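>>> predicted model, plus sequence, below.
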There are 4 protein chains.
Amino acid sequence: MSGYTYPKFGAGLWHFANYIDRYAVDGYGPALSTLDQIKLAGSVEDLSYVDVPYPFTEGVTVAQVKEALDQAGLKAIGVTPEIYLRRFSRGAFTNPDPAIRQQAFEVMHEAATVVRELGANYVKIWPGQDGWDYPFQVDHKNLWKLAVDGMRELASANPDVKFAIEYKPREPRVKMTWDSAARTLLGIEDIGLDNVGVLLDFGHALFAGESPADSAQLIIDRGRLFGMDVNDNLRGWDDDLVVGTVHMTEIFEFFYVLKINNWDGVWQLDQFPFREDHVEAANLSIRFLKHIYRALDKLDIVALQAAQSEQNPLKAQRIIQNALLSSIED
Amino acid sequence: MSGYTYPKFGAGLWHFANYIDRYAVDGYGPALSTLDQIKLAGSVEDLSYVDVPYPFTEGVTVAQVKEALDQAGLKAIGVTPEIYLRRFSRGAFTNPDPAIRQQAFEVMHEAATVVRELGANYVKIWPGQDGWDYPFQVDHKNLWKLAVDGMRELASANPDVKFAIEYKPREPRVKMTWDSAARTLLGIEDIGLDNVGVLLDFGHALFAGESPADSAQLIIDRGRLFGMDVNDNLRGWDDDLVVGTVHMTEIFEFFYVLKINNWDGVWQLDQFPFREDHVEAANLSIRFLKHIYRALDKLDIVALQAAQSEQNPLKAQRIIQNALLSSIED
Amino acid sequence: MSGYTYPKFGAGLWHFANYIDRYAVDGYGPALSTLDQIKLAGSVEDLSYVDVPYPFTEGVTVAQVKEALDQAGLKAIGVTPEIYLRRFSRGAFTNPDPAIRQQAFEVMHEAATVVRELGANYVKIWPGQDGWDYPFQVDHKNLWKLAVDGMRELASANPDVKFAIEYKPREPRVKMTWDSAARTLLGIEDIGLDNVGVLLDFGHALFAGESPADSAQLIIDRGRLFGMDVNDNLRGWDDDLVVGTVHMTEIFEFFYVLKINNWDGVWQLDQFPFREDHVEAANLSIRFLKHIYRALDKLDIVALQAAQSEQNPLKAQRIIQNALLSSIED
Amino acid sequence: MSGYTYPKFGAGLWHFANYIDRYAVDGYGPALSTLDQIKLAGSVEDLSYVDVPYPFTEGVTVAQVKEALDQAGLKAIGVTPEIYLRRFSRGAFTNPDPAIRQQAFEVMHEAATVVRELGANYVKIWPGQDGWDYPFQVDHKNLWKLAVDGMRELASANPDVKFAIEYKPREPRVKMTWDSAARTLLGIEDIGLDNVGVLLDFGHALFAGESPADSAQLIIDRGRLFGMDVNDNLRGWDDDLVVGTVHMTEIFEFFYVLKINNWDGVWQLDQFPFREDHVEAANLSIRFLKHIYRALDKLDIVALQAAQSEQNPLKAQRIIQNALLSSIED
């Protein structure tokens, strides 16, 4: 027995779905219903929260979702409206057709309702189809205005609900409108409402060329870190690999920044195990995250901060390797 | 009237399909049958060839495809076995399960048969699921051996058919086995057969960090350029954008290298117009390619070669800009 | 004779210097004094402005620089304090040592004085050594605070002078503090002074994964576009190649956005012709920029804006190709 | 006391030099002579080998170098001719001027002599100025021929000496001729001599988009791994950071591949600690490499190979994390 009281762990419910892409057009496995996915999530050790996509799969009701979550010992942390399906493929907030923009708003208002019904923390807004593909395709001034004004309108209409924007540089669009931490914070300044914040995805920050730790600090300093999730990638794409399989040091720095800022939310997974066992992927991830948690406990923070006040990377690395690699001093 | 005799233009038949990805899981448009796609292809001005994926969509026969091609005024340049669908999602040639590898061979042998029946030029081999996703996932020696030995076995068994390997750095796998021009040529050396060559995709070369012109020269110098296709991207991903929309100079250099080597095959499109009109995308592409063809005609090759013998980029650029930037509206 | 009244062209004076890097440690050519560089700049056809690094090379005075500029028919558009030399190699604004930060302020105050003396438009601030190299090296909150507070202090102390921050993702630091358009604007919001703005470098925006046209619009919309310069690269690094040699379409879109916003400043070169003739590099660049200017004149802006209101890239591309690909030899 | 017999550790002698770049043109520290650098190298614990650049700094003789190495308890593993200084800035093997190519050969022949005199293992060939910067700058066929023929000529003339080509995608050239593992092996096939091989730099492989472990296997399988060195980077550039500070898992996989192939050469550092204490940077690196060595000892290779035979990344990661993170099972 470890004696540690670990943070709460969560996952996007899609961690337990099967995927499809432009090549394996018959999918990497059979389609699973929202309820099936919840059941699978429930079989992960130490998972407490899920982020639930909305609309649910065909025929599934909120009541059924509630019950399934209860039976699985899970709670909803967020609800993610699917504003990236076919009808929104040319944009949700920034669609050139006002009628489609209206449809997107309706889905998002419904998602806000589901947040209230499930007692979740936020609507997660991930406008992956908002952006452009080609030079000269859009009027940049107008596109950004649609994005910012739309978000303001949505959040004003639901002042009791939090909206967490998840930025990403690209995919499925060649360029996404909300592409980085700084751009998202700039838009949030313009929106001027307290209930709009950021869902910081570790892998998206890496992919955006950011230091995820620096992005976390920047967002926290403006009081906007509504949620976060983790995974891994090779920096050039949003691979959504299992956390800890590539960037051990940078995930450690990310959680270090959360710790020193007393950010105590859910440690959430956003992973796409295309070809892997979904439950085992989650278990391996949580095993790694617990290691990170213990390493933070072992970390000599006073010594690290002294090294950082000199901006001395060699001293800093020696200290963090001692904690992260445990027996490296042997 | 231009007075030019243009090269033959072709396209992957998927240019006229609708797509799906991990977000728009209901697809960017309704599914289209192989025959529907051929009909659409036939409506493009100046298109003469298509590369046909195999198996065809449900219920479609070779005879029907033949007839549809005839009616559309098209010929098959190649046949592409779909060795990247669900059952091959953990690999075709390099699948850890020998039974699945066997199934992949069967599909490819059938594709060779279709090549013979349609009078096409080659089986295009694009093993997008062959590779790995994570550090430590595979035994690299064994994986490469499976890839090379499998290709040799396939080509030996069909000595009358050409096999054109289309390399790409990644996607859908995080890392593809046949990832670059040089690696593919190295494997082809080891295979040691005349009927294995390369399908050089301009965008894949850019994405691989190559100069597509240099890759073309390298492949031609070994007598292995069996086919090529073009498109565009932002270098960081295989965006499959419309050709000429981003990299005008580099596509011009690519075709310049083909010209001075007297390579006279089909100028083929490999594009995924997710949100665009497929026929108009092809028309715009061919309009641009004709401009390139005329620009090559205007290019002062003697002066360019003199500049290149000094490796003088300023002289070279002055010369090529004179040719490239003259009117597209001819 | 063309009949066009072209914009004013400028260049960083370093365009006419010789360079050094970590491999060719004896330099790509002999060192040239500030005055030598001005003389070379004067020999470029159609060059009107230069951005002058400060301190000048050994022994050169402001009076001499003034006279040399006059004789060369040039004016200073900006002055660039060299806050990236050895003593600032661990940072200028963000150096861990307050004494070094003080030295950096002194150099920048002197640069402000030189701006007044030369009648230039701005001090350009390019803090290339401000940032970090390793995970865990710095306290991100503190580093950003040093960067923002320092800039505010500098600008407050010189309210009659403009300060233009030139952002770049990295180099020489592995990560620069002012790394993107949005982050820079966010910092400028926090600074809260009218005399702090942005020097937008086309190549830095590309390197940052931005659309330079979109970045220009964003900065203009906040009234902060104090200057700009152009060049080219392959997106993965700040190559400072000759403008127009790689990204013709995107440079065209960049100038299109400046035009529709009536931005009428100097079209400035920031290029490093390591191995090329410096004057010829500038001449070729200006020849290309004149082509862009004429192409903007030919561009059917009404039709383009209609295409953009539909976000239709195929229509937009057809229109812009008609304008861009007409003859450079006018 | 650990009880382990560690491998021999080495470093490029430039690890102990001071650097210069295009911004800090006065250098990151005072210039150090070859002999100064050797003295510093000698003060690193557990360093046994250095790779020595040639020509030595002004006035230093081979005899002095020999003596200095002896006194420092070091041996030369290789000699690196500086074929990237000013006179070779437009290329060494591929320079358009035959007289400059001749000068490059002379320097390399002299380096071969120094290898013999110092009893080193190889001449390291790093032709960083061989390549191109712009589209259309070079005739690709001719450039590659110059590169391959030149290397053959050099190696034929010195059959008793090994030549190890160190490939890198780019820098200082925008594109280097020997840019990847596969391209280098392809050229070596064409050269057809036993004394030409590869110096595999871990960071260059990462930067080239390769899996360094896969590249090591490929090169070993052709009997061409003459040497290797390690460092770290963020994949987008050759940052030459301290090993283990970013990519712990991939460096572990790299050494795993060396181990299972019984490759028993020197574990060598190629790092540029621009702003750090050079000796401490080496000490921290070697501390980390010893951890890797012990982790390889703890690694359950039988279980790992079973996981790899299934290509099961989750099983593989669980196994390697147990070894790399030591106490992760707590």
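Yep, it's here.

>>> in the stretch 151-300 of chain A, which spans are strands?
Along the stretch 151-300 of chain A, the stretches classed as strands by DSSP state E, counting those that start in this stretch are A:162-165, A:175-176, A:196-201, A:225-230, A:267-269.

>>> could you give the mean pLDDT of the last one?
Okay, so that is strand A:267-269. For strand A:267-269, the mean per-residue pLDDT is 98.

>>> partner strands of that strand, parallel or antiparallel?
With DSSP bridges as the test, strand A:267-269 is paired with strand A:9-12 (parallel), strand A:225-230 (parallel).

>>> follow-up on the earlier one: turn the strands of the stretch 151-300 of chain A into CSV, columns for distance to B:V79.
Any C-beta I mention is one placed from the backbone N, CA and C, and that applies to glycine too. Compiled in CSV, the strands of the stretch 151-300 of chain A are given as follows (distance: least, Cβ to Cβ, whole Å):
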stretch, distance to B:V79
strand A:162-165, 45
strand A:175-176, 35
strand A:196-201, 41
strand A:225-230, 42
strand A:267-269, 41
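
>>> pretty sure A:A92 contacts A:Q102?
No. Counting by Cβ atoms under 8 Å, A:A92 does not reach A:Q102; the two are 10.5 Å apart.

>>> higher neighbour count, these two?
Ranked by neighbour count (other Cβ atoms under 10 Å in any protein chain shown), A:A92 and A:Q102 place A:A92 first, with 29 against 10.

>>> which one of the strands paired with strand A:267-269 lies closest to B:L199?
Shortest distance between B:L199 and these, using Cβ to Cβ, is found for strand A:9-12: 37.3 Å.

>>> beyond that closest one, next helix or strand please.
Later in the chain than strand A:9-12, the nearest helix or strand by DSSP states H and E is helix A:34-42.

>>> next SSE after that following helix?
Next element after helix A:34-42 (DSSP H and E): strand A:47-54.

>>> and that following strand with helix A:34-42, angle?
Here strand A:47-54 points in a direction 160 degrees away from that of helix A:34-42 (axes from the mean of the first three to the mean of the last three Cα atoms, to 10 degrees).

>>> contacting residues around strand A:47-54?
Outside strand A:47-54, the residues within contact range by Cβ atoms under 8 Å, 6 or more residues apart in numbering or on different chains are A:8-14, A:34, A:38, A:41, A:65, A:69, A:73-82, A:107, A:110-111, A:114, A:118, A:120, A:124, A:229, A:266, A:268, A:282, A:286.

>>> strands paired with that strand, and their directions?
Sheet pairing for strand A:47-54, using DSSP bridges, gives strand A:9-12 (parallel), strand A:75-81 (parallel).

>>> what does the stretch 201-330 of chain A put close to chain B?
Taking Cβ under 8 Å from any Cβ of the partner chain, the part of the stretch 201-330 of chain A that reaches chain B is made up of A:L234, A:G236, A:W237, A:D239, A:L241, A:V242, A:T245, A:V246, A:F272, A:F274, A:R275.

>>> and the third one, how far is that from C:K141?
Using Cβ to Cβ, to the nearest Å, A:W237 is found at 30 Å from C:K141.

>>> got it, and the fifth one?
Counting by Cβ to Cβ, the gap from A:L241 to C:K141 is 29 Å.

>>> between the two, which one's more packed in?
Taking other Cβ under 10 Å, A:L241 and C:K141 do not tie; A:L241 has more neighbours (27 against 16).

>>> and for A:F105, the neighbour number?
18.

>>> re earlier: make CSV out of the strands paired with strand A:47-54 and add mean neighbour count and mean pLDDT.
As requested, these are exported to CSV (neighbours: other Cβ atoms under 10 Å in any protein chain shown; pLDDT from 0 to 100):
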stretch, mean neighbour count, mean pLDDT
strand A:9-12, 26, 98
strand A:75-81, 25, 98
